[in-house]
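J.: Fold the stuff below for me.
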Amino acid sequence: ALNRTFGSYGPQLFDLESDPAEVTNLARTRPEEVARLDALLRAELGSGENRLSPDGDPDAIDAAAKRLQQATFLEHFVRDASRLRAQWERLLRCDAQVAAA
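T.: Sure, this is the predicted structure:
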């Protein structure tokens, strides 16, 4: 199944030993292997300390990652105006240095 993040960007499977340039996508000819690897990845993403989704669902993982990013932004830049101001000033200095170079 494809997720909303990648849209029609389908599964990819390459034999890196014989095709190190990743030219030939074997996903369509080896659907069992794609399904096995997908299940393995979902199991890994659905367990352990990095668990963002109980079943490793890519959409749930994307949503959880976005929530974490938003919370981090709010905590560091919105709730503390001095940090936001300092970051803005740092960005302006960087822009000025780039323009002067």
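J.: pull the longest helix from this protein.
T.: Ranked by residue count and defined by DSSP state H, the top helix of the chain is helix 81-100.
J.: got the contact list for that one?
T.: With C-beta atoms under 8 Å, 6 or more residues apart in numbering as the contact definition, helix 81-100 has outside contacts at 76-78. Where C-beta positions appear, they are placed from N, C-alpha and C, glycine not excepted.
J.: one more time with 10 Å
T.: Helix 81-100 is contacted from outside by 73, 75-78, 80, using C-beta atoms under 10 Å, 6 or more residues apart in numbering.
J.: and which of the residues you listed is nearest residue 19?
T.: Proximity of these to residue 19 (C-beta to C-beta) peaks at residue 73, which lies at 40.6 Å.
J.: Show me what the mean pLDDT comes to for the one helix or strand residue 63 maps to.
T.: Using DSSP states H and E, residue 63 sits in helix 58-73. Averaged over helix 58-73, pLDDT sits at 83.
J.: what comes up buried for that helix?
T.: Residues 58, 60-62 are the ones in helix 58-73 that count as buried (16 or more other C-beta atoms under 10 Å).
J.: Likewise for stretch 41-54?
T.: Result for stretch 41-54 [16+ other C-beta under 10 Å]: buried residues 42, 45-46, 52-53.
J.: Could you tell me the end-to-end distance of that stretch?
T.: Taking C-alpha to C-alpha, to the nearest Å, the first and last residues of stretch 41-54 lie 12 Å apart.
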